[in-house]
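Student: I would like to see how this sequence folds:
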Amino acid sequence: MSHTVTRRAGPSHRLERVGESIRHAIAEILLRGEVVEPLLAERAVTVAAVKMSPDLRLATVAVTPLGGEGAETMLAALDAHKKELRALVARRVNLKFAPELRFVLDRSFAAQAEVDALLRSPSVARDLVGDDEAAK
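Tutor: Predicted coordinates:
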């Protein structure tokens with residue numbers, strides 16, 4: 001008797017739901033200024049995504065400062081208050097264990113800007129015009 005093992009390509013729906021709940025909780029905590037940190041109070045922080053580990057013990061939080069300036073100091077401030085943030089998240093999100101928070105800089109906006117710049121470059125524009133004319 002043979003058993004086939006099916007592996008999922010991406011995260012499960014539960015991981016995505018928990019990650020989204022944690023993202024909303026962190027965004028609300030930062031918006032309301034519940035963490036006493038002048039740097040976080042004076043600058044808006046975008047919580048772009050939260051990726052959960054399969055055992056739900058680690059949450060990797062992708063953040064970026066509004067305007068993109070001061071990213072490293074913002075990450076340092078979040079890291080300094082991650083225990084406090086973890087406790088506040090645990091009060092809002094009902095999980096067996098409060099996940100450890102790891103903050104990383106969200107690079108998706110920069111990556112999108114690079115793709116946009118590439119698409120506007122003359123060599124790509126020339127190739128696209130060639131494809132349009134060949135289709136006629």
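
Student: which SS class is residue 101?
Tutor: Classification of residue 101 using DSSP: H, G, I helix; E, B strand; the rest coil returns strand.

Student: so what's it bridging to?
Tutor: When bridges are assigned using DSSP bridges, the partners listed for residue 101 are residue 59.

Student: Pretty sure it sits against residue 89.
Tutor: Yes. Counting by Cβ atoms under 8 Å, residue 89 is a contact partner of residue 101 at 7.2 Å. All C-beta atoms are positioned from the backbone trio N, CA, C, and that covers glycine.

Student: Of those two, which one has the most company?
Tutor: residue 89 (25 against 20; other Cβ atoms under 10 Å).

Student: For this protein, which residues score under the pLDDT cut-off?
Tutor: By pLDDT under 70, the weakly predicted segments of the chain are 1-11, 109-111, 128-136.

Student: Now do the strands in it.
Tutor: In order along the chain, the chain carries the following strands (DSSP state E): 45-52, 58-65, 100-105.

Student: Please report how far residue 72 lies from residue 23.
Tutor: 21 Å (Cβ to Cβ, to the nearest Å).

Student: Compare neighbour counts for these two and give me the winner.
Tutor: residue 23 (20 against 9).

Student: Can you give me the first-to-last residue distance of stretch 42-57?
Tutor: Taking Cα to Cα, to the nearest Å, stretch 42-57 runs 30 Å from one end to the other.

Student: ok, and for it, which residues are buried?
Tutor: 43, 45, 47-48, 50-52, 56 (16 or more other Cβ atoms under 10 Å).

Student: Identify, from those, the entry nearest to residue 106.
Tutor: Checking the buried residues of stretch 42-57 against residue 106 with Cβ to Cβ, the nearest one is residue 48 at 4.1 Å.
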